[in-house]
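K.L.:
take this sequence and fold it.
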Amino acid sequence: MKRIGTIWAAVVLAAMVLTTGCTKTAPKSQPVVIKKAPANAGPVVIIETSMGAIKAELWADAAPITVKNFLAYADAKHFDGLIFHRVIQGFMIQGGGFDPAMMEKPTRDPIRNEASADKKNDRGTLAMARTSAIDSATSQFYINLVDNHRLNHYDKTFRGFGYCAFGKVIEGIDVVYKIGAVPVANFAGHPNVPTTPVLIKSIRRGK
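P.N.:
Residues are numbered from 1 along each chain as shown. You can find the predicted model right below:
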């Protein structure tokens, strides 16, 4: 099955957007509140975008496979020149898989899904996108614009496994919100694509 970077099927995704209870992005002055950081301070990455820089701390203790995978892609400069290809206001921004022409970049093999009850998809957290298969995440990730409780891990069933959060934004949340508010349209057979590409210039380890 072709990987199109969906977090789930379009119908389910639309339903989840409606249940977030939020149709506007948070204002710049609103602080990020992570209810529970599941790990000690870990590696930091700088996500340089065409709309500004985002700094994130990764939870290497809580999600070691996921963080190792993400850093491997970053060190290989895999993300350079890709875009945030799916933006849903009041939900999330997703990138790491497609270039501005919506051509998908090849990836390594998928990793095991490390979603667990203590790693929440709260506002400002980074998490791994995947197909409908539980263990299918590769390079695509998303940043939650709100607390997306329905994406959390509840059990080990197909419906309840959830999506692995593996870090949090610690600087540049205003940039995340700006990206979350850009105009979108259908493009190259994909919905919710920014009408002006939001580039990921690079993702590098930082301090």
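K.L.:
contact partners for the most centrally placed residue in the chain?
P.N.:
Residue closest to the average C-alpha location in the chain (Cα atoms, centre = their mean): Tyr142, at 0.8 Å. Contacts for Tyr142 were tallied using Cβ atoms under 8 Å, 6 or more residues apart in numbering; they are Ile7, Arg86, Met92, Ile93, Gln94, Gly95, Leu126, Ala127, Met128, Ala129. Bear in mind the C-beta positions are built from the backbone N, C-alpha and C, glycine included.
K.L.:
the strand or helix carrying the fifth one pairs with which strands?
P.N.:
Remark: Gln94 resides in strand 92-95, with elements defined by DSSP states H and E. Partners of strand 92-95 in the sheet, by DSSP bridges, are strand 82-88 (antiparallel), strand 141-144 (antiparallel).
K.L.:
sorry, back to before: how close does the residue nearest to the centre of the chain sit to Leu151?
P.N.:
Tyr142 is 9 Å from Leu151, where distance means Cβ to Cβ, to the nearest Å.
K.L.:
so where do the helices sit in this protein?
P.N.:
10-19, 64-75, 173-180 (DSSP state H).
K.L.:
least reliable of the ones you listed by average pLDDT, please.
P.N.:
Ranked by mean pLDDT, the helices of the chain bottom out at helix 10-19, with a mean of 36.
K.L.:
surely Glu104 touches His85?
P.N.:
No: using Cβ atoms under 8 Å, Glu104 makes no contact with His85, being 9.2 Å away.
K.L.:
what about the two, which has more around it?
P.N.:
His85 (28 against 16; other Cβ atoms under 10 Å).
K.L.:
with adjacent residues omitted, what lies nearest to the more buried one?
P.N.:
Phe98 (4.3 Å; Cβ to Cβ, 6 or more residues apart in numbering).
K.L.:
just Asp75 next, same as before
P.N.:
Counting by Cβ to Cβ, 6+ apart, the residue nearest Asp75 is Arg205, at 7.6 Å.
K.L.:
ditto for Lys55
P.N.:
Spatial nearest neighbour of Lys55, excluding adjacent residues (Cβ to Cβ, 6+ apart): Glu171 at 3.9 Å.
K.L.:
could you check the distance from the one you found over to Tyr142?
P.N.:
Using Cβ to Cβ, Glu171 is found at 18 Å from Tyr142.
K.L.:
poorly predicted segments of the chain, please.
P.N.:
1-40 (pLDDT under 70).
K.L.:
so which residues of it form strands?
P.N.:
44-49, 52-58, 82-88, 92-95, 125-128, 141-144, 165-171, 184-187, 190-194, 199-206 (DSSP state E).
K.L.:
follow-up on the earlier one: who touches the strand holding Gln94?
P.N.:
5, 7, 79, 82-87, 129, 140-145, 148, 176, 179-180, 198, 200.
K.L.:
now do 7 Å
P.N.:
With contact meaning Cβ atoms under 7 Å, 6 or more residues apart in numbering, strand 92-95 is reached by 5, 7, 82-87, 129, 140-145, 148, 176, 179-180, 200.
K.L.:
just to revisit the earlier point, any shared contact partners between Glu104 and His85?
P.N.:
Contacts common to Glu104 and His85, judged by Cβ under 7 Å, 6+ apart, are Gly97, Phe98.
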